[in-house]
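Chemist: After the sequence you'll find the predicted model.
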Amino acid sequence: MAATETQFMLSVGLIEKDVNGDTLWVWCFPSVGPDLRKVLLSKCCLTQDARDFHTFVFGQFCRTWYYITTVEVQEPTALNKVTHFSIVVTAKDFNPEKYAALSRILCRMYIKHGSPVKMMEAYVTVLTKGMCQSDENGSFLIKDYDVRKAYLAGSVKDVVSQFGMETIILYTALMLKKRIIVHHPRIEALLEFTRVLPTLTWHRKDWSILHPYVHLSDTELEDLKKCPGYVAGFVDPEVSNRSDLFDVYVNLPDSVITVSQSAKESMAMGKLHKDIGHLIVQSAEDPERSDSQVIKDISVKTKEILANLMALADQCEDSKITLEGLKQHHFPPATENFLFHLAAAEQLLRI
């Protein structure tokens with residue numbers, strides 16, 4: 001297991017801020033392309049003018065996940081001209097807790113030795129053996145960080161507690177592979193909230209739709225627009241004016257969800273949505289139920305809807321649904337509309 005999981009890691013890099021206040025990318029292994037490096041520097045809090053200090057941020061760019069851990073150097077150390085530094089790990093997989101744990105060990109090594117050589121050795125050991133152990137810096141085992149744990153780390157109950165019945169808008173948008181943008185000025189709040197949303201469509205187990213930390217730069221927006229549906233997080237409030245980027249806009253500080261004009265027709269709600277919304281709220285508000293049980297409750301309902309959709313497809317030529325075929329069943333308009341767009345999202349629609 002460790003052998004395949006270690007192959008998810010792509011690189012480790014180092015960004016330093018010196019006593020003159022200059023921030024530089026000083027080292028990486030094996031390599032990071034220029035576009036990605038530019039994005040990583042922009043995500044690192046040491047390059048940002050604001051005084052905000054973020055110990056750990058993560059995100060995705062061009063199908064590469066990045067994890068940035070930043071520490072302040074407390075003297076005395078071997079790093080006498082450095083005030084802060086960031087360890088940047090890039091990987092193919094979504095697993096913030098795993099890479100935060102590895103980065104903490106790499107940080108301690110760098111503070112102790114003042115040279116990236118020991119970090120590179122530890123990185124290579126993890127790459128080849130799936131672990132690295134040292135008495136003073138702690139040990140790290142890849143097998144301790146199952147991907148399901150990463151998927152379930154957030155709290156779906158918190159999301160439902162904040163949005164109540166409106167959670168159905170998020171559920172519908174995710175089911176139909178719509179473009180969801182979430183805004184919050186605090187990056188930590190964004191990361192915590194956005195990582196939960198893919199659990200609402202647990203049957204897909206697809207976290208590639210997650211882009212939790214995006215800037216309004218041409219490079220990043222071009223990358224984002226390549227994705228048919230996504231959950232994207234922005235700290236810049238200016239994103240609310242970019243209606244070309246979203247079907248659903250979530251103003252997290254004010255707990256307001258807005259459906260864009262262009263998505264209103266496909267996102268029209270009816271009795272089916274109300275029933276699902278009630279199920280989600282009822283399950284999430286039950287103090288006896290854990291987050292994973294709530295996710296299971298939603299997933300059972302989703303599978304029921306998908307089974308019905310598959311049954312409808314099986315009755316059609318080539319097992320593909322058509323609008324005419326749907327109309328023969330005389331569903332309520334909102335249900336028919338939802339099933340039609342869901343069939344498109346699940347590639348069950350005859351084009």
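Modeler: Yep, that arrived. For clarity, every value in this text was computed on a predicted model and none was experimentally measured.
Chemist: Past the helix or strand harbouring S103, which element shows up next along the chain?
Modeler: Assigned by DSSP states H and E, S103 falls within helix 96-113. Beyond helix 96-113 on the C-terminal side, the first helix or strand identified by DSSP H and E is helix 116-129.
Chemist: Can you tell me what sits against that next one?
Modeler: 2, 6, 9, 12, 14, 26-27, 29, 87, 102, 105-106, 109-110, 112, 131-132, 134, 140, 142 (Cβ atoms under 8 Å, 6 or more residues apart in numbering). No exception for glycine: its C-beta is placed from N, CA and C like everyone else's.
Chemist: Report the inter-axis angle for that helix versus helix 96-113.
Modeler: Taking axes from the mean of the first three to the mean of the last three Cα atoms, to 10 degrees, helix 116-129 and helix 96-113 form an angle of 140 degrees between their directions.
Chemist: any low-confidence regions in the protein?
Modeler: Residue ranges of the chain with pLDDT under 70: 1-6, 49-50, 135-137.
Chemist: Which parts of the stretch 201-350 of the chain are helices?
Modeler: Using DSSP state H, counting those that start in this stretch, the helices of the stretch 201-350 of the chain run over 218-225, 271-285, 291-314, 323-327, 333-345.
Chemist: Distance of the closest residue to V256 other than its chain neighbours relative to R179?
Modeler: Leaving out its chain neighbours, the residue that sits closest to V256 by Cβ to Cβ, 6 or more residues apart in numbering is V250, at 7.6 Å. According to Cβ to Cβ, to the nearest Å, V250 stands 12 Å off from R179.
Chemist: Going by how many neighbours each has, rank the two and give me the top one.
Modeler: V250 (26 against 22; other Cβ atoms under 10 Å).
Chemist: That one and H183 touch, don't they?
Modeler: Yes: taking Cβ atoms under 8 Å as the definition, V250 is a contact partner of H183 at 6.9 Å.
Chemist: Quick check: buried residues in the helix holding S103?
Modeler: For helix 96-113, the neighbour count (16 or more other Cβ atoms under 10 Å) marks 96, 98-111 as buried.
Chemist: OK, contacts around the nearest residue to L210 once chain neighbours are set aside?
Modeler: Once flanking residues are discounted, L210 sits nearest to V231: 5.3 Å by Cβ to Cβ, 6+ apart. The contact partners of V231, taken as Cβ under 8 Å, 6+ apart, are L174, I180, V182, T194, L197, P198, I209, L210, H211, P212.
Chemist: Restricted to strands, list those.
Modeler: Among those, the members falling in strands (DSSP state E) are I180, V182, L210, H211.
Chemist: Next, format those as a markdown table and append distance to D314.
Modeler: Formatted as a markdown table, those follow (distance: Cβ to Cβ, whole Å):
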| residue | distance to D314 |
| --- | --- |
| I180 | 31 |
| V182 | 37 |
| L210 | 32 |
| H211 | 35 |
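Chemist: burial measure for G277, as a count.
Modeler: 20.
Chemist: how far away is the closest residue to A153 other than its chain neighbours from D144?
Modeler: In this structure, A153 finds its nearest non-sequential neighbour in E97, 6.4 Å apart by Cβ to Cβ, 6+ apart. As judged by Cβ to Cβ, E97 and D144 stand 9 Å apart.
Chemist: ok now do the residue nearest to the spatial centre of the chain, which residues does it touch?
Modeler: In the chain, the centroid-proximal residue (Cα atoms, centre = their mean) is L210; its distance is 3.4 Å. Residues in contact with L210 (Cβ under 8 Å, 6+ apart) are Q60, F94, T194, R195, L197, P198, Y230, V231.
Chemist: run the last query once more with 10 Å
Modeler: 58-60, 65, 94, 191, 194-198, 230-233 (Cβ atoms under 10 Å, 6 or more residues apart in numbering).
Chemist: Which of those fall within helices?
Modeler: Counting by DSSP state H, the contacts of L210 place L191, T194 in helices.
Chemist: what's E346 sitting at in phi/psi?
Modeler: E346 adopts backbone torsions of phi -90, psi 10, taken as degrees, to the nearest 10.
Chemist: Please apply the same query to S217.
Modeler: According to degrees, to the nearest 10, S217 has phi -110, psi 150.
Chemist: count of residues packed around it?
Modeler: Neighbours around S217, by other Cβ under 10 Å: 12.
Chemist: quick one: contacts for it?
Modeler: For S217, the contact set (Cβ under 10 Å, 6+ apart) comprises K38, V39, S42, D223.
Chemist: Distance-wise, check K264 relative to R242.
Modeler: From K264 to R242 the distance is 18 Å (Cβ to Cβ).
Chemist: Looking at these two, which is more packed in?
Modeler: The neighbour comparison of K264 against R242 (other Cβ under 10 Å) goes to R242, with 14 against 10.
Chemist: what sits against the more buried one?
Modeler: I181, L216, L221, F234, D236, Y249.
Chemist: Same check on M267?
Modeler: M267 touches 169, 172-173, 176, 178, 247-248, 259-260, 273, 334, 337-338, 341, counting by Cβ under 10 Å, 6+ apart.
Chemist: quick check, nearest of those to T302?
Modeler: Set against T302, the nearest of the contacts of M267 by Cβ to Cβ is T172 (11.3 Å).
Chemist: Apart from its neighbours in sequence, what residue is nearest the closest one?
Modeler: Using Cβ to Cβ, 6+ apart and skipping the chain neighbours, the partner closest in space to T172 is M267 (5.8 Å).
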